[in-house]
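Engineer: Got a predicted model here, sequence first, then my questions.
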Amino acid sequence: MSKTSELVFVPAPGMGHMPPAVKLAKLILQRNQHISISIHVINVTCDASKTNAYVESQLRDNLYPNRLTFVTFPPLSNLPDLSVPLSFVTVIDRHKPLIMQAVEDRVQAGFPKPVGFVVDMFCCGIMLDIGNVMDVPCYIFLTSMAASLSFMFYAQSMVDDRGIDVATEFSDPGLSLIVPGFKNPVPSKVIPSAYLDKKFGCEMLINLGRQFRKMKGILVNTYAELETFAIHALHNSDEKNIPMVYPVGPIFELEGERRGGSGNEEKESVIRWLDVQPKSSVVFLCFGSCECFEEEQVKEIAKGLEKSRNRFLWTLPKPSLAGKPGYNGTFLEALPVGFVDRTRDIGKIIGWAPQVMVLAHPAIGGFVSHCGWHSVLESLWFGVPMASWPITAEHQLIAFELVKELELAVEIRMDYVKDLKAGKGTLLVTAEEIEEGVKNLMNMDDKMKARVKKMSDECKKALENGGSSYKWLGCFIKDVLSNAI
């Protein structure tokens, strides 16, 4: 065996994928001094400045300068139109010869041949090809829940083993599926909408399911105590070609904000405002760094918040009225007349929030979330109760798990979906639903609060020496090191 064993990480482009992968790499390096890791950074023009700034910050603070390196590719020229569905997959595919050449160059420069590729789900196709050529096993790092992995395998099996047209099957509004990894029947309203897109999304997801089965292992950003049922189903499946699943989470950045923002001034303004609010009195509304609502929905949220009479911190990340004559760069035009004045003493509206810092603040008593998995893990870490308002991707399925499977969240809507082509939601969530959801969240029953508190304690224990995720990461490290023999 070489003095060090090399792992190659290939995260998908974008700040939603890079920090968790880097965090995982650091955990592995911390655990075993005989491993080195190179992280290959795929850049896209629209995100290049944030990505490069993040990589530079990691290089400045690199605790493993001889064992953690970054190989950054410049943004490609002649990129496809990134507004076209799945165009980012084309961008990733075009990096295949660049990644292979970079890996070969490192080996020729004296670095050990990789003992494994750890890749994002959207990079698994090209990395399987490279792995086959170089005789290097591939592992997925899945930044979503274990239950979504179960659903992906289930849907792929429906197509390949039973010949079912799932795009048509899943479109039935009365459908209810018995899916391994779920205790309750899964209704069609929470199935990821990409499965209904026969031309683009469904084919991609089914193909991903096939590629996942070819992996040597799958690291999942979850922990055994949270998704006990789903993980047990994956580990004990009757299907013979499901790879070993390693629940190694929660993995996210606590040291700093992984999302972009407006700088220290706005961050400090938010924290100063929270500092003077009573403990557990504020409901925090945040729907992801890239999500926004149309004007009509913004008005309903405002009305619902005002009717609830609850203190609130509301993040509106993008102006929904940009381009409107007279628009001055704020959301004032989208809000009901007089709303800001009437709620001045109990509410604060911001364009961006330092989410980790906000969730950690004792004034926060509840989180209205889009149910992105990173946000879920952050909320559980700090023991903040959640209300579900999913937006896109697999968010509806995550909301279903939180509300129905785990009983860790209350529901505002589980079937809200943002139509990315139309740029608006497929339904309007009314002020009355929002008011009721906020009240249910901030007056959550003691049993659910106790479950949230227990999961908060369990997720911290999982990462400690002897914890479940600590042990599973050790199993993964042992497995990859065995590849060098």
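Structural biologist: Received it, and whenever you're ready, just let me know what you need.

Engineer: For the stretch 251-400 of the chain, which residues score under the pLDDT cut-off?
Structural biologist: 255-263, 289-291, 317-331 (pLDDT under 70).

Engineer: Next up, the contacts around residue 210.
Structural biologist: The contact partners of residue 210, by CB atoms under 8 Å, 6 or more residues apart in numbering, come to 156, 160. (C-beta placed from N, C-alpha, C; glycine too.)

Engineer: So it lies in a helix, does it not?
Structural biologist: Yes. Membership of residue 210 in a helix is supported by DSSP: H, G, I helix; E, B strand; the rest coil.

Engineer: domain ranges for this structure?
Structural biologist: Here the domain assignment for the chain is 5-162+197-254+463-482, 264-444, based on automatic domain parsing.

Engineer: Distance to residue 451 for these - can I get that in TSV?
Structural biologist: Below are these laid out as TSV (distance: least, CB to CB, whole Å):
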stretch	distance to residue 451
domain 5-162+197-254+463-482	11
domain 264-444	6
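
Engineer: Now for residue 100: which residues touch it?
Structural biologist: 130, 133-134.

Engineer: one more time with 10 Å
Structural biologist: By CB atoms under 10 Å, 6 or more residues apart in numbering, residue 100 lies in contact with 126-127, 129-131, 133-134.

Engineer: among the domains of the chain, which is nearest residue 456?
Structural biologist: When the domains of the chain are compared by CB to CB, domain 264-444 sits nearest residue 456, at 3.6 Å.

Engineer: Off-centre distance for the closest one?
Structural biologist: 17 Å (CA atoms, centre = their mean, to the nearest Å).

Engineer: Can you get me the start-to-end distance on it?
Structural biologist: Domain 264-444 has an end-to-end distance of 33 Å (criterion: CA to CA, to the nearest Å).

Engineer: So which residues of the stretch 1-150 of the chain form helices?
Structural biologist: Assigned by DSSP state H, counting those that start in this stretch, the helices in the stretch 1-150 of the chain fall at 18-31, 48-60, 87-93, 96-108, 124-134, 146-162.

Engineer: The closest residue to residue 7 other than its chain neighbours: how many residues sit nearby?
Structural biologist: Nearest non-adjacent residue to residue 7, counting by CB to CB, 6 or more residues apart in numbering: residue 37, 4.7 Å away. Burial of residue 37 is recorded as 24 neighbouring residues (other CB atoms under 10 Å).

Engineer: Contact partners for residue 37?
Structural biologist: Applying CB under 10 Å, 6+ apart, we find residue 37 in contact with 4-9, 21-22, 24-26, 28-29, 64, 67-70, 114, 118.

Engineer: Only whichever of these are buried, select them in PyMOL.
Structural biologist: Of those, the buried ones can be selected in PyMOL as follows, counting by 16 or more other CB atoms under 10 Å:
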select buried, resi 4+5+6+7+8+9+21+22+24+25+26+28+29+67+68+69+70+114+118
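
Engineer: hmm, back to that, least confident of the helices of the stretch 1-150 of the chain, on average?
Structural biologist: Note on the helices of the stretch 1-150 of the chain: helix 87-93 shows the lowest mean pLDDT, a mean of 83.

Engineer: Go ahead and name everything in contact with that one.
Structural biologist: Against helix 87-93 from outside (CB under 10 Å, 6+ apart): 10, 12-14, 42-45, 75-76, 79-82, 84, 99, 119-120, 122-127, 129, 200, 204, 208.

Engineer: Filter these down to the buried ones.
Structural biologist: For the contacts of helix 87-93, buried by 16+ other CB under 10 Å: 10, 12-14, 42-44, 75, 99, 119-120, 122-127, 204, 208.

Engineer: on that earlier part again, bridge partners for the residue nearest to residue 7, pull those for me.
Structural biologist: Listed beta-bridge partners, residue 37: residue 7, residue 68 (assigned using DSSP bridges).

Engineer: got a pLDDT number for it?
Structural biologist: Reported pLDDT for residue 37: 97.

Engineer: if we can go back for a sec, show only the entries of the contacts of helix 87-93 found in strands.
Structural biologist: 10, 119 (DSSP state E).

Engineer: From residue 191, how far out is the closest residue to residue 188 other than its chain neighbours?
Structural biologist: Among residues not flanking residue 188 along the chain, residue 175 sits closest, at 4.0 Å (CB to CB, 6+ apart). Distance check for residue 175 against residue 191: by CB to CB, to the nearest Å, it reads 8 Å.

Engineer: Of the two, which one has the most company?
Structural biologist: residue 191 (23 against 14).

Engineer: so who does the more buried one touch?
Structural biologist: Neighbour list for residue 191: 151, 155, 166, 169-171, 175, 177, 179, 394, 396-397, 400 [criterion: CB under 10 Å, 6+ apart].

Engineer: what's the answer for residue 363, then?
Structural biologist: Neighbour list for residue 363: 271, 273-282, 284, 311, 313 [criterion: CB under 10 Å, 6+ apart].

Engineer: Would you show me how to pick out the buried ones of the residues you listed in ChimeraX?
Structural biologist: Selection of the buried residues among the contacts of residue 363 in ChimeraX, burial being defined by 16+ other CB under 10 Å:
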select :273,274,277,281,282,284,311,313
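
Engineer: List just the nearest of the contacts of residue 363 to residue 144.
Structural biologist: Looking across the contacts of residue 363 and measuring by CB to CB, the closest to residue 144 is residue 284, at 22.0 Å.

Engineer: just checking, what packs against whichever strand or helix holds that closest one?
Structural biologist: Assigned by DSSP states H and E, residue 284 falls within strand 282-286. Where contact means 3 or more CB pairs under 10 Å, 6 or more residues apart in numbering; DSSP states H and E, strand 282-286 is packed against helix 264-275, helix 295-308, strand 311-315, strand 347-350, helix 355-359, strand 364-369, strand 386-388, helix 431-442.

Engineer: Show me what counts as buried in the longest one.
Structural biologist: Using 16+ other CB under 10 Å as the test for burial, helix 295-308 gives 297-306, 308.

Engineer: Distance to residue 470 for these - can I get that in TSV?
Structural biologist: Shown next, in TSV, are the buried residues of helix 295-308 (distance: CB to CB, whole Å):
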residue	distance to residue 470
297	42
298	44
299	48
300	44
301	40
302	45
303	47
304	42
305	41
306	46
308	41
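
Engineer: Would you agree residue 248 is in contact with residue 469?
Structural biologist: Yes. Between residue 248 and residue 469 there is a contact under CB atoms under 10 Å: 5.0 Å.

Engineer: circling back to that earlier point, would you mind getting the angle between the strand holding residue 284 and helix 295-308?
Structural biologist: Interaxial angle, strand 282-286 versus helix 295-308 (axes from the mean of the first three to the mean of the last three CA atoms, to 10 degrees): 170 degrees.

Engineer: List the strands paired with strand 282-286, with their directions.
Structural biologist: strand 311-315 (parallel), strand 364-369 (parallel).

Engineer: Send over that strand as CSV, restricted to the C-alpha atoms.
Structural biologist: The C-alpha coordinates for strand 282-286 follow below in CSV (Å, rounded to 0.1, in the frame of the first residue of the first chain):
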residue,chain,number,x,y,z
VAL,A,282,-39.9,34.5,16.2
VAL,A,283,-40.9,32.4,13.3
PHE,A,284,-38.3,32.3,10.6
LEU,A,285,-39.4,32.1,6.9
CYS,A,286,-36.7,31.1,4.4
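
Engineer: rewinding a little: which neighbours do residue 175 and residue 191 share?
Structural biologist: residue 169.

Engineer: Wait, residue 301 touches residue 292, no?
Structural biologist: No. Using CB under 10 Å, residue 301 is not in contact with residue 292; the gap is 11.4 Å.
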